[in-house]
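Colleague: sequence? don't have it. structure:
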């Protein structure tokens, strides 16, 4: 029998099973990528053309503003993820002591 249904509708773990611990390297890596990518998009460097080459016509001012705003959003989410990871690591440290 196929286990396709388990992919979309996973079985709940039996009672008493410990929840999965957060992966701090994974959280830090995703925060760094989101901060760097959001900063790149928000800075407008995405639209820097080589000398003598105009931007494509599709890069209207509204599109550039939308990309920059999206970059600010990604940057904000990256900062939130970094802050959340910092709080999780402090919580994990306090449990050890």
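Modeller: Received, thanks. Since the structure is predicted, the reported quantities are computational estimates derived from the model, not experimental observations.
Colleague: Identify the residue nearest residue 36 in space, chain neighbours excluded?
Modeller: residue 78 (7.9 Å; Cβ to Cβ, 6 or more residues apart in numbering). Bear in mind the C-beta positions are built from the backbone N, C-alpha and C, glycine included.
Colleague: need the contact list for residue 67.
Modeller: 41, 46, 47 (Cβ atoms under 8 Å, 6 or more residues apart in numbering).
Colleague: Go again with 6 Å.
Modeller: residue 41 (Cβ atoms under 6 Å, 6 or more residues apart in numbering).
Colleague: now it: how far from residue 9?
Modeller: Using Cβ to Cβ, to the nearest Å, residue 67 is found at 37 Å from residue 9.
Colleague: before we move on, back to that, what sits against the residue nearest to residue 36?
Modeller: Shown in contact with residue 78 (Cβ under 6 Å, 6+ apart): 31, 34, 35, 38.
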